[in-house]
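Chemist: quick one: sequence and predicted model below, then my questions.
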Amino acid sequence: MNTLAYEFSAAQRRVLDRYTNFLGSLNPTFNNIPLVFERRRAIGHQMAVLANDSRLNNARFNARYLQEFWERTEDARRLCSTYVADLTLFTAETQEIIKNTSRNEPLSQVDFKLYSLSRSPTWKLFPPTDVPDLIHELALRFSSLRAAIRQLKYTIAEVHDESFGLKSVFIRAMDHRSCQCHTQPTVVEELFREARTAPAWDFAWSSADPLVKAAEYKNDIAALFNGLASVSSQLSVFLEETGLRIDTVFNELLRAERVSKLGELNFQLAASKEGAEEFMAMINHLETWLRK
């Protein structure tokens, strides 16, 4: 597999981390907005009100999903490693049986207990009674990986889709007037007026001036949303490709289950093993990037 076609950069990894931190900071930031309104009211301005927006509710859940994304990818990688090892051993044992018999040996004449997989302590459905049952078990094991990849893809898609609503909520709130009697200062400008209400953000401010900080904060978050759109799009394509590799392995194993001779089985297993190793390379690539 050409991993360069799916290369992820350190900058993209930082975008994912910073967006996760941003999601975690949203509720504290929005909780400080009423303090801004009260501060303005206390010096004689008319009290402003910002309506609640339900699109903010899922921010902390999406932050948690992204925080757990590496762990879930690592779980899929471990599972894949185990199943690829099962398939590799099964393929090697098939080749050994061929050496001791013949490529034309009918599969129905092969003792399934010659395979190490027959002694597995767990089964997806039921204990095997022949070689095709063992192959079906391998297919089911790889099929379970498809669900893990779909869940990873769903997480990225959900975070991406909800980012559009969050962007709208964020911009509307930051640009909202801080009192009813004046259009300036805006909420974001007033948030940075005091340290206790200033949004917690990892940015090298060019000035201590609250107005400068407010402008830089808004611009940086806007750039972050754009960066997330790019990263999530690439991740979605990557995860779609990994899912296709699993589909290939699963279908090749289903075909292997229906062959009648050992030589045919060996051919189908080789194709399955190639697809499984490509998937393993891709999931390793993703997990290594996420671990940085």
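Modeler: That came in fine, so what should we check first? Quick caveat: nothing in here was measured; it's all calculated off a predicted structure.
Chemist: which stretches of the stretch 1-150 of the chain have low pLDDT?
Modeler: Where the stretch 1-150 of the chain drops to pLDDT under 70, the residues are 1-5.
Chemist: what about the helices in it?
Modeler: With DSSP state H, counting those that start in this stretch, the ranges of helices along the stretch 1-150 of the chain come out as 10-31, 33-42, 59-67, 69-100, 131-174.
Chemist: now these in JSON lines, with mean neighbour count?
Modeler: Quick note: C-beta positions are derived from backbone N, CA and C, even for glycine. Listed next are the helices of the stretch 1-150 of the chain as JSON lines, based on neighbours: other C-beta atoms under 10 Å:
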{"stretch": "helix 10-31", "mean neighbour count": "17"}
{"stretch": "helix 33-42", "mean neighbour count": "17"}
{"stretch": "helix 59-67", "mean neighbour count": "17"}
{"stretch": "helix 69-100", "mean neighbour count": "17"}
{"stretch": "helix 131-174", "mean neighbour count": "19"}
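Chemist: of all those helices, which lies closest to L228?
Modeler: Proximity to L228 (C-beta to C-beta) singles out helix 10-31 among the helices of the stretch 1-150 of the chain, at 4.8 Å.
Chemist: tell me how far that closest one is from the chain's mean position?
Modeler: 16 Å (C-alpha atoms, centre = their mean, to the nearest Å).
Chemist: and stretch 165-185, by the same measure?
Modeler: Stretch 165-185 sits 32 Å away from the centroid of its parent chain (C-alpha atoms, centre = their mean).
Chemist: nearest to N266, of the helices of the stretch 1-150 of the chain?
Modeler: The nearest among the helices of the stretch 1-150 of the chain, by C-beta to C-beta, is helix 69-100 at 5.3 Å.
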